[in-house]
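Asks: attaching a predicted model along with its sequence, questions to come.
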Amino acid sequence: MPIYLYNTLSRKKEIFETIEPDKVRMYVCGPTVYDACHIGHARSVVFFDVLARYLRARGFEVIYVRNFTDVDDKIIQKAQKTGTSCKEIAEKFIREFYEDMDALKVERATFEPRATEYIPDIIKLVQALIDKGHAYPLDGDVYFSVERFSGYGKLSGRKLDDMEAGARVNVDVRKRNPFDFALWKASKPGEPEWDSPWGKGRPGWHIECSAMSSALLGDSIDIHGGGQDLTFPHHENEIAQSEAVFEKIFVRYWVHNGFVNINSEKMSKSLGNFLLIKDVLKSYHPEVVRLFLLSSHYRSPIDFSDKTMDESRAALDKIYAVLSRLEDRFGINPPELPQQSGDLWKRFCDAMDDDLNTARGIGMVFESVRTLNRFLDTSETSMPEDTAAAILATWADLRSIGRILGVFSESTEQYAADSKRLGIHNTMVDPAWVEQMIADRTAARKAREWQKADDIRKQLETMNVILEDRPEGTLWRMG
RNA sequence: GGCGGCAUAGCCAAGUGGUAAGGCAACGGUCUGCAAAACCGUUAUACAUCAGUUCGAAUCUGAUUGCCGCCUCCA
């Protein structure tokens, strides 16, 4: 069964075929480190994390590069505004990136290079572009000449003529074409700078990705990814640079994820609705965030709101609940890494093979949750051996899927404890007090004082504490 | 002005030519002292509108309407 991937370049789903059998070279544009990461970064990083995990599960060796752009206009601005150095700014936000993404259980990429570590490669590329007549120096800057590259616009579906008609571009009369973009920028006093054949300066935006991609993965790679907004101009310009120099297809599959809206509005600094990952994680379990992000197809826009997040939390609770029942009943533990083998895994793969349709895959998870609960309900004491085997196979598949999505991948105890901690944090209830109330209620129930017992239940309910009477005692959790 | 995307039940969301997955919410039921959880049942003759292709379309084509994104830094 082949894997299909939507390719922005052809605007179609295509059968995924790698340059080298069983080996995937993948480059994903990482952040420009001048600010904290928001939920939109999380979507992109989580999605490509899942893509890498899935390709590995399907037997590919995946060489995954995710860069940091640590030299850029915005970093310089930030440094000047805060009175610190660019290096400090970059270091700070790289550190924060790791804190956020580690919390979201994002696996490390194979290589995580920084632009400033590749200055010699960048200079070499720029020089090669000049030598081939694709770029020209100008007062210490170097510009790429878009008119000299015939494929310019093929990714974003634009023609230079059309763009000139309506674009609002700062017209720099020195440039040969308004869309010529900087490969190298002469540095102003106080800016980061490196020696180059064109004087002291720093790389422009775009060239660092071409340089790091070719240095680490070669001139042609399988997948290049990023947010939809990077299609133009960033990726368009990368193609122009790399193909002009290497005269080969730069990337076979261009993969772009959609945006996250906040309460149906575009997330933007002017609207003041930027949601930082670290803030979201104060209220929601990391796996809830991942499940939310993966519940829609990666190319569709998704809407972040309390409602959609609460639904994801309810959904995740439900999955953990059945896992807990199952693992208690059969005395199994997640560390006993299961071998996926069953029908559920197969159908999950069918969904994932279809352009990483995580939404469909998650739907299948819920179908199996109901099936499992049904079996557990109808056979409290015993069940035929083949039924038990089928249930165990489904359990193994569930846990395997959890490891691909990075969701329901914890022990049920850990998840319950973390959820409770978050709930307590959000509502400020005192666990000791809750325990005391439960003890009082248990006493009342023993004495058959139902009215008193129910009053306690109701009182706790108003504080969002839900009680569950089990044979072994009363459990509580945050609703 | 140019380019692209999307419109499926109260809400979220699959479906990519063969007769509408799943989640949440709601209602009824089983279970329970009462609940919670779980399970069962009910909830779109119908997929923005109109026309066309086809034995057959949510799925293909054209038009219309409405949203949205990009064209400037942005995941």
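Replies: That came through, no problem.

Asks: please list the residues of the stretch 251-400 of chain A that sit near RNA strand B.
Replies: A:257-260, A:266-268, A:295-297, A:300-303, A:307-308, A:311, A:314-315, A:318, A:321-322, A:351, A:354-355, A:357, A:359-360, A:362-364, A:366-367, A:369-370, A:373-374, A:376-377 (Cβ under 7 Å from any atom of the strand). For glycine as for every other residue, the C-beta is placed from the backbone atoms N, C-alpha and C.

Asks: helices - which of these land there?
Replies: A:307-308, A:311, A:314-315, A:318, A:321-322, A:351, A:359-360, A:362-364, A:366-367, A:369-370, A:373-374, A:376-377 (DSSP state H).

Asks: can you select the buried ones among those for me in PyMOL?
Replies: Buried residues among those (16 or more other Cβ atoms under 10 Å), as a PyMOL selection:
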select buried, chain A and resi 315+318+322+351+362+364+369+376
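
Asks: ok, A:Met463 - contacts?
Replies: Residues in contact with A:Met463 (Cβ atoms under 8 Å, 6 or more residues apart in numbering) are A:427, A:429.

Asks: could you do the one 4 residues further on as well?
Replies: When contacts are counted by Cβ under 8 Å, 6+ apart, A:Leu467 is found next to A:438, A:441, A:457, A:460, A:474-476.

Asks: A:Gly190 now?
Replies: A:Gly190 touches A:Gln80, counting by Cβ under 8 Å, 6+ apart.

Asks: and it, what element?
Replies: For A:Gly190, there is no enclosing helix or strand under DSSP states H and E.

Asks: which residue packs closest to the closest residue to RNA strand B within the stretch 1-150 of chain A, ignoring adjacent ones?
Replies: Closest residue of the stretch 1-150 of chain A to RNA strand B, Cβ to the nearest atom of the strand: A:Gly40 (2.5 Å). Spatial nearest neighbour of A:Gly40, excluding adjacent residues (Cβ to Cβ, 6 or more residues apart in numbering): A:Val260 at 4.7 Å.

Asks: and that neighbour, how far from A:Ile94?
Replies: A:Val260 is 22 Å from A:Ile94, where distance means Cβ to Cβ, to the nearest Å.

Asks: out of those two, which sits in the busier spot?
Replies: A:Val260 (23 against 17; other Cβ atoms under 10 Å).

Asks: A:Pro301 is in contact with the more buried one, correct?
Replies: Yes. The pair A:Val260 and A:Pro301 qualifies as a contact (Cβ atoms under 8 Å) at a distance of 7.5 Å.

Asks: got the contact list for whichever residue of the stretch 101-250 of chain A sits closest to RNA strand B?
Replies: Closest to RNA strand B within the stretch 101-250 of chain A is A:Gly227: 1.5 Å, counting by Cβ to the nearest atom of the strand. By Cβ under 8 Å, 6+ apart, A:Gly227 lies in contact with A:29, A:40, A:43-44, A:256-257, A:259.

Asks: so which of those are in strands?
Replies: Under the assignment DSSP state E, the contacts of A:Gly227 contribute A:256-257 to strands.

Asks: which one of the contacts of A:Gly227 is nearest A:Ala447?
Replies: A:Arg43 (53.4 Å; Cβ to Cβ).

Asks: state the mean pLDDT of stretch A:191-210.
Replies: In this model, stretch A:191-210 has a mean pLDDT of 95.

Asks: for stretch A:65-80, same thing?
Replies: Per-residue scores along stretch A:65-80 average to 94.

Asks: near RNA strand B at all, that stretch?
Replies: Yes. Stretch A:65-80 comes into contact with RNA strand B (Cβ under 7 Å from any atom of the strand), by way of A:Lys74.

Asks: now do the same end-to-end measure for that stretch.
Replies: 30 Å (Cα to Cα, to the nearest Å).

Asks: buried sites along it?
Replies: Buried-residue list, stretch A:65-80, by 16+ other Cβ under 10 Å: A:65-72, A:75-76, A:78-79.

Asks: kindly report the same for stretch A:12-30.
Replies: A:14, A:16, A:18, A:24-30.

Asks: now A:Ser49. Nearest residue, chain neighbours left out?
Replies: For residue A:49 the amino acid is Asp, not Ser. A:Val106 (4.7 Å).

Asks: wait, is that neighbour part of a strand?
Replies: No. Residue state for A:Val106 (DSSP: H, G, I helix; E, B strand; the rest coil) corresponds to coil; a strand is not indicated.

Asks: so among the buried residues of stretch A:12-30, where is pLDDT lowest?
Replies: A:Glu14 (86).

Asks: beta partners for that residue?
Replies: A:Leu5 (DSSP bridges).

Asks: hang on, it packs against A:Thr8?
Replies: No. With contact defined as Cβ under 8 Å, A:Glu14 does not reach A:Thr8; the gap is 10.8 Å.

Asks: where does the stretch 351-479 of chain A have low pLDDT?
Replies: For the stretch 351-479 of chain A, the stretches flagged by pLDDT under 70 are A:380-382.

Asks: mind putting the buried residues of stretch A:12-30 in JSON lines, distance to A:Val50 included?
Replies: Listed next are these as JSON lines, based on distance: Cβ to Cβ, whole Å:
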{"residue": "A:Glu14", "distance to A:Val50": "19"}
{"residue": "A:Phe16", "distance to A:Val50": "15"}
{"residue": "A:Thr18", "distance to A:Val50": "18"}
{"residue": "A:Val24", "distance to A:Val50": "14"}
{"residue": "A:Arg25", "distance to A:Val50": "18"}
{"residue": "A:Met26", "distance to A:Val50": "12"}
{"residue": "A:Tyr27", "distance to A:Val50": "17"}
{"residue": "A:Val28", "distance to A:Val50": "12"}
{"residue": "A:Cys29", "distance to A:Val50": "17"}
{"residue": "A:Gly30", "distance to A:Val50": "16"}
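
Asks: and which of those is nearest to A:Pro2?
Replies: A:Phe16 (6.7 Å).

Asks: mind listing what the residue lying closest to that closest one once chain neighbours are set aside touches?
Replies: Nearest residue to A:Phe16, sequence neighbours excluded (Cβ to Cβ, 6+ apart): A:Ile3, at 4.2 Å. Counting by Cβ under 8 Å, 6+ apart, A:Ile3 makes contact with A:15-16, A:55, A:58, A:352-353.

Asks: A:Ile391 falls within a strand, correct?
Replies: No. Counting by three-state DSSP, A:Ile391 falls outside a strand, being helix.

Asks: these two touch, right, A:Val50 and A:Thr358?
Replies: Yes. With contact defined as Cβ under 8 Å, A:Val50 reaches A:Thr358; the gap is 6.7 Å.

Asks: got the domain boundaries for chain A?
Replies: A:4-262, A:306-414, A:429-478 (automatic domain parsing).

Asks: include distance to A:Leu275 when you put these into CSV, please.
Replies: Converted to CSV, these look like this (distance: least, Cβ to Cβ, whole Å):
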stretch, distance to A:Leu275
domain A:4-262, 5
domain A:306-414, 10
domain A:429-478, 22
